[in-house]
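Peer 1: below: sequence and its predicted model.
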Amino acid sequence: MIRVTLLCGGRSTEREVSLSSGEGCVRALREAGFDVTVLDPGPDLPSLVQQIAASRPDVVFNALHGRFGEDGCIQGILDWMGIAYTHSGLRASALAMDKAAAKAAFAAAGLPVVPHRILDAADLAQADPLPLPYVVKPVREGSSVGVFILREGDNRRAAIAASWRWGEIIAEPFIPGRELTVAVRGDTPLEVTEITTGRGFYDYDAKYAEGGSRHVLPAPIPAELRRHAMDCALRAHRALGCRGVTRSDFRWDDSRPGTEGLVLLEVNTQPGMTPTSLVPEQAAFRGISFPELCSWMVREAAHDGAETGGTSLGVRDAA
């Protein structure tokens, strides 16, 4: 029996989401026949390394979200230990988590992105960084943590700057229209989902609270746009060097002709695996059950150590 050590919880602002993802994945993996140990990483790194080693995993299932779990930190530790793990490796994880660096990779690959400006809270306090309306968000956070839309007549800029606690800020023009997302599994984009919410935009609560958003699957969009969004998601996945499962988020200004209004926002290398999450929904739409999806992720696990060159350590054949 393959031993899987599942990491969830952790130290980031997305801890509760990670615990929810972990809970669902544990049930699915055990249903699929894996021997699963669950660890909740704390601030004591030597202790975490000892716990992982003591669990003697064939694979680590990474259900962490946000800093330390999604940004290359845990990936580097597991690379050092020579243990295969799910999702993307160190380089792709770190690149995707840095929104400015990821956008540079997307632009180099010819993907549709909007211009941006990097600033700090003091800059934001002094003046609008872009013409209104615009979006400010942390350069290195996920799950819409710290995202604010400032529109004409909005007087929150000074207050947002005064309470900012997430480091560097990236400011981008606000793209009107509709929210779309595409999951990629290996080399296959799954489908396009449209996300609607009554909260103004797809914020943290809309993503994870019961009833916070509505997922329309498949998205009611033109066939040409569907093909374009799925192609962009796969190209973004490859541009960052991702593996396993990712999810690409888009805005679509449906007032523009053809595919011109589609803009790539970001790629999530550790997409949510909660009961309300988008990737399991798209997989189910393609006939892939949640246990099957989690099992596939274990079989595709790899590490970036010198011995394997990033291959899958034979887990694929053992499962």
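Peer 2: Here it is on my side, so go on.

Peer 1: let me know the average pLDDT across stretch 275-291.
Peer 2: The pLDDT scores in stretch 275-291 average 93.

Peer 1: what's near enough to touch the residue nearest the centre of the chain?
Peer 2: Nearest to the mean C-alpha position of the chain, by Cα atoms, centre = their mean, lies residue 268 at 2.0 Å. Residues near residue 268 by Cβ atoms under 8 Å, 6 or more residues apart in numbering: 96, 142, 246-249. Quick note: C-beta positions are derived from backbone N, CA and C, even for glycine.

Peer 1: swap in residue 220?
Peer 2: Applying Cβ under 8 Å, 6+ apart, the residues near residue 220 are residue 194.

Peer 1: ok so it is a helix residue?
Peer 2: No. Counting by DSSP: H, G, I helix; E, B strand; the rest coil, residue 220 is not part of a helix but coil.

Peer 1: what's the pLDDT at it?
Peer 2: Here, the pLDDT recorded for residue 220 equals 97.

Peer 1: equivalent analysis for the one 3 residues further on, please.
Peer 2: Note on residue 223: pLDDT of 97.

Peer 1: now do the phi/psi pair for it.
Peer 2: Dihedral pair for residue 223: phi -60, psi -40, per degrees, to the nearest 10.

Peer 1: ok, residue 270 - contacts?
Peer 2: By Cβ under 8 Å, 6+ apart, the neighbours of residue 270 are 62-65, 69-70, 87, 93, 142.

Peer 1: among the contacts of residue 268, name the ones in strands.
Peer 2: 246-249 (DSSP state E).

Peer 1: re the thing from before, list the beta-bridge partners for the residue nearest to the centre of the chain.
Peer 2: residue 247 (DSSP bridges).

Peer 1: I'd like to know how far it sits from residue 239.
Peer 2: Separation of residue 268 from residue 239 (Cβ to Cβ, to the nearest Å) stands at 14 Å.

Peer 1: next: residue 17.
Peer 2: 26 Å.

Peer 1: one more: residue 165?
Peer 2: 30 Å.

Peer 1: and residue 35, how many residues sit next to it?
Peer 2: Residues lying near residue 35 (other Cβ atoms under 10 Å) number 15.

Peer 1: now the helices for the stretch 101-250 of the chain?
Peer 2: 121-126, 157-163, 204-208, 223-239 (DSSP state H, counting those that start in this stretch).

Peer 1: which one is residue 98 nearest to, not counting chain neighbours?
Peer 2: residue 140 (5.8 Å; Cβ to Cβ, 6 or more residues apart in numbering).

Peer 1: same thing with residue 40?
Peer 2: Spatial nearest neighbour of residue 40, chain neighbours left out: residue 9 (3.7 Å); criterion: Cβ to Cβ, 6+ apart.

Peer 1: touching, that neighbour and residue 43? I think so.
Peer 2: No. Shown here, residue 9 and residue 43 do not form a contact pair, counting by Cβ atoms under 8 Å, at 12.0 Å.

Peer 1: between these two, tell me which one has more neighbours.
Peer 2: residue 9 (22 against 9).

Peer 1: in which helix or strand does the more buried one reside?
Peer 2: Under the criterion DSSP states H and E, no helix or strand holds residue 9.
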